[in-house]
Structures are given as C-alpha cells and as structure tokens.
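Student: Structure for this input, please:
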Amino acid sequence: MSFITDPLVYYPISGILWFWHKIFAFLGGFLPWVDSPDSSGAIWALSVIFLVVTLRILLFWPAAKQIRFSRKMQEMQPRMKELQKRYKNDREKLATETRKLQKSEGFNPVLGCLPMFIQIPVFLGLFHVLRSFNRMGNNFGALGMTAEETRNTGNYVFNADEVQSFLDARLFGAPLSSFISQPIDQFQAFVDPGAALDFERWNIILVAIPLMIVSAVTTHLNARISLSRQSPEAAANPQAKIMNQLMLWAFPIGILVTGAFWPMAILVYMVTNNLWTLGQQYYLFEKMAKEDDVAALKRREEQKSLAPKVGVKPVKPKKVRGVATGTAVASEDSVAGGPSDLDDDEAVVAPGVVPTPSPGSAPRPGQRPQQPGGQRTRPAQKSGGGSSKSKKKKRKR
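Tutor: Next up, the predicted model:
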C-alpha cells in the first residue's frame, strides 16, 4: 500500500509541514530571543498547528457537506419510517421507494459519507509522518533503528538534518517526538550520540498531561454541540443512544488513557484540531440556522400572499348562462357605459324582458323543462265558433 499512501498522503502532508517550518524558521531568524530557529520547539509547534489549519481549510467543504448530510438524514427519518412500516413485507418495493425518496430530496448517501472517508486517511497520514521522526523501537510505525540511525534517516520530504532539528526541538523542556510511556533507551535519539540527556520523564509528563486534558475536554464539547442539534426522534433510537454515549464519554476517556502513547506533536495536533472543530461547528450551525430562518420566512410570505385580504369577501366565479336570440340583454358595460365592479361573465337583462334559456341549458328554478328543438310555443286557438259548452246552452233554450 505504500505505493498509494506515499504519493497521495505521506508526501503531501510532510510537504505542508516542511513548508510552514521553513516560513516560521525564516521569520524566527529576525527575533533576537529565538535561538537556533531551525530546531526551536515553538517554531516546530507552530508548524504543526498551521499544518492542521491548512488541512482543515482544505477539508472545510467536505465537513460542511457532512453536517448537511446529517441534517438531511434527520429530516428524512420520519418519512423513512413510514416507508418501512408500509412495505415491511416487501423489501424490493421498500428499496425502490427509498431510492425515489432520496432522489426527490436530492439526497446521495455516497456523497454524504465521502467527507468522512477523506478525513480518516488524512489523520492517519499525519500521525504516521509525525511518528516517523523517531523510528526507534518495534511498535507500530517504528523500524527498530538505533539512535544514530534514526537521526540520520530522512522522513519523506525531510532530509537527515531536518529530522535532527525536529528531534532536538523542545516544547517547555520536552522533546516534540517523545511520549510518556516511551522507554528510556529511546531517549538517546533526542540528543547527539554520546551526549547526556537534557530532560527527564517528568518534563514530558508536565507538558503531555495538560495537552491530554484539553484534548479530552474539547472532544467532549464537540460531541455535546453536535448532539444538541440531533432531533428527538433520532436521539430516541437505541443505537443512536449508544453512539451518543460513546461520543460524549468513551472517546474523551480514551484520549486520557491512550494519550500516554502519543508523541507530543500528536497531542499538539489533537488540541489544535479540536479547537478548530469547535469554531467550525459554531460557524456552520449558525449559518444553517439563518438559512432555515430565511426559508421559513419565505414560506410564510408565500402563504400570506395566497390568503384573502382582511375585510374582503372572496368572490367565486359564476358560470355564464346562454340567452336566446331576440331578447333584450346587455352587459354591464353597455348599460352603464363603462367597466363595472361585477364579474365579466355576469349579464344585465333589460326590465320587462324575461330571459329565455338557450337550448340544452339547465332550467331555472320554478320553470318547466323545455323540449329540445327551440322555444316552446302555445297552440293557436281555432278561429270562429264557440266552445262546446256555449253550443249546449243554445240547444236547451
């Protein structure tokens, strides 16, 4: 795997660290109180800090996508549960409907998980590069070198002289590449061959323990801030409860336990990374909260524009009824001579004229239905001759 990790992870990370070390060493040369800036612990610590800052800036967009991914999952959770209840006996249909829901919501689980998969190799690569400055011992990442060999072996883009300047760097009296549980015989890598040690284990403990505590506390705070944005439905999930407890307590305690095996530079990285995460979460959550407020205000404005105005009775459109030819009917505009307040489809009938419905139209209330084929006419009376009753009266007389 070295043919993949070396060019893609280890060399880029060591190159960024090398760049910042050169910048700060150059600037430190102008400061009279900085002795030998190339091997100054403060210079190397700043280089590690800005290495973290550079990597987190490059990973800012994936981190924002990860947070939006989590929020989208929480929003979709109720609808996902509905689908699971509806198609609990049909897995194929459930999978199809789930994909439809994800597509309609613009949700891509692959892209959502991608930021996490990017950050993991970056962290492991940074740990490996910082650990590789001292390759004594037989633990993970070490090559079992002697003190002289490790001081004369390059570390990716760093040559042997630059490795020696890192090993000679001291942060409050403790070597940056040392750790609390490190065997004493490996301390020889931090001084020139045959030279006496200029530090003891308690120097490492005094610097490492505060860094471990700050790292554990900031890890707990990051978890608490992240979980505070979790929906009640998601928090009620049994699996989510277990994961939440791990994030709140197990991970910070794990840092306190395993911190004794971490080089000092890794602890500097952890503190810087957690502080950056605190600020980044605050910024992103506030930004997303403002976006939600703007979206909610826009929805309210749309609903308000569709609602009827206060004091105005909503008008329902009326259907236009046909009128027979020959009746005196005029529109409002023709009677009044201009536009009116009535609907355009309403008509005004001249006084004294009864409108006759057109063939096929619905009869008006109280009116007998009309046979198709035109207007109904009364039968004509016969001319001349009286009725049958008048004839009978004449005969009696």
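
Student: which residues touch the closest residue to residue 127 other than its chain neighbours?
Tutor: The spatially closest residue to residue 127, leaving aside those adjacent along the chain, is residue 266, at 6.0 Å (Cβ to Cβ, 6 or more residues apart in numbering). Where you see a C-beta, it was placed from the backbone N, CA and C, and this is true even at glycine. Contacts for residue 266 were tallied using Cβ atoms under 8 Å, 6 or more residues apart in numbering; they are 127, 130-131.

Student: Now distance to residue 299 too, for the residues you listed, in a markdown table please.
Tutor: Listed next are the contacts of residue 266 as a markdown table, based on distance: Cβ to Cβ, whole Å:
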| residue | distance to residue 299 |
| --- | --- |
| 127 | 47 |
| 130 | 50 |
| 131 | 53 |
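
Student: Just the buried subset of these, please.
Tutor: With burial judged by 16 or more other Cβ atoms under 10 Å, the buried subset of the contacts of residue 266 is 127, 130-131.

Student: so of these, which ones are in strands?
Tutor: Assignment to strands by DSSP state E places none of the buried ones among the contacts of residue 266 there.

Student: May I see these arranged in a markdown table, with pLDDT as well?
Tutor: Formatted as a markdown table, those follow (pLDDT from 0 to 100):
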| residue | pLDDT |
| --- | --- |
| 127 | 85 |
| 130 | 86 |
| 131 | 85 |
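
Student: Mind picking the one among the residues you listed that's closest to residue 86?
Tutor: residue 127 (46.6 Å; Cβ to Cβ).

Student: closest to residue 51 among the buried ones among the contacts of residue 266?
Tutor: The closest of those, once distances to residue 51 are taken by Cβ to Cβ, is residue 130, at 9.1 Å.

Student: In this structure, which helix is the longest?
Tutor: helix 264-306 (DSSP state H).

Student: Could you list which of the buried ones among the contacts of residue 266 belong to helices?
Tutor: 127, 130-131.

Student: now, which of the residues you listed sits nearest residue 22?
Tutor: residue 130 (17.2 Å).

Student: distance of that closest one from residue 157?
Tutor: 13 Å (Cβ to Cβ, to the nearest Å).

Student: Check the contact lists of those two and give me the overlap.
Tutor: Contacts common to residue 130 and residue 157, judged by Cβ under 8 Å, 6+ apart, are absent.

Student: Please, where are all the strands along the stretch 151-300 of the chain?
Tutor: 170-171, 174-175 (DSSP state E, counting those that start in this stretch).

Student: pLDDT on the last one, on average?
Tutor: Model confidence over strand 174-175, given as mean pLDDT, is 95.

Student: cool, and stretch 306-321?
Tutor: 66.

Student: and the residue sitting nearest the centre point of the chain, what does it touch?
Tutor: Against the mean C-alpha coordinate of the chain, by Cα atoms, centre = their mean, the closest residue is residue 68 at 0.7 Å. For residue 68, the contact set (Cβ under 8 Å, 6+ apart) comprises residue 288.

Student: quick one: low-confidence ranges for the stretch 1-150 of the chain?
Tutor: 1, 109-115, 139-141 (pLDDT under 70).

Student: Apply 90 and report the result again.
Tutor: For the stretch 1-150 of the chain, residues meeting the criterion pLDDT under 90 lie at 1-8, 29, 31-39, 58-59, 61-128, 130-132, 134-145.

Student: Pick the most buried one from the strands of the stretch 151-300 of the chain.
Tutor: Highest mean neighbour count of the strands of the stretch 151-300 of the chain: strand 174-175, a mean of 26 (counted as mean count of other Cβ atoms under 10 Å).

Student: Can you name every helix or strand that that strand contacts?
Tutor: Secondary-structure packing of strand 174-175 (3 or more Cβ pairs under 8 Å, 6 or more residues apart in numbering; DSSP states H and E): helix 201-228.

Student: Buried residues of the helix it packs on, list them for me.
Tutor: 203-204, 207-208, 211-212, 214-216, 218-223, 226-227.

Student: what stretches of the stretch 151-300 of the chain score poorly on pLDDT?
Tutor: The low-confidence ranges in the stretch 151-300 of the chain, as defined by pLDDT under 90, are 185, 193-194, 226-245, 284-300.

Student: re the thing from before, looking at the ones in helices among the buried ones among the contacts of residue 266, which is nearest residue 30?
Tutor: residue 130 (27.1 Å).

Student: if I pick that closest one, what's in contact with it?
Tutor: By Cβ under 8 Å, 6+ apart, the contact list for residue 130 reads 48, 177, 263, 265-266, 269.

Student: 7 Å - rerun?
Tutor: By Cβ atoms under 7 Å, 6 or more residues apart in numbering, the contact list for residue 130 reads 263, 265-266.

Student: what about it, distance to residue 236?
Tutor: According to Cβ to Cβ, residue 130 and residue 236 sit 41 Å apart.

Student: Okay, residue 2 and residue 30: tell me how far apart.
Tutor: From residue 2 to residue 30 the distance is 40 Å (Cβ to Cβ).

Student: Next: residue 67.
Tutor: From residue 67 to residue 30 the distance is 41 Å (Cβ to Cβ).

Student: of the two, who's got more company?
Tutor: With neighbours defined as other Cβ atoms under 10 Å, residue 67 and residue 30 compare such that residue 67 has more, 18 against 8.

Student: Beyond the host helix or strand of the more buried one, next helix or strand please.
Tutor: Using DSSP states H and E, residue 67 sits in helix 60-86. Note on helix 60-86: by DSSP H and E, the next helix or strand toward the C-terminus is helix 91-104.

Student: Could you list every helix and strand in contact with that next one?
Tutor: Contacts defined by 3 or more Cβ pairs under 7 Å, 6 or more residues apart in numbering; DSSP states H and E place helix 91-104 against helix 60-86.

Student: Can you list the buried residues in the helix it packs on?
Tutor: Quick answer for helix 60-86 (16+ other Cβ under 10 Å): 62-67, 69, 71-72, 76, 83.

Student: got it, and stretch 148-157?
Tutor: Buried, per 16+ other Cβ under 10 Å, within stretch 148-157: 150-151, 153, 155-157.
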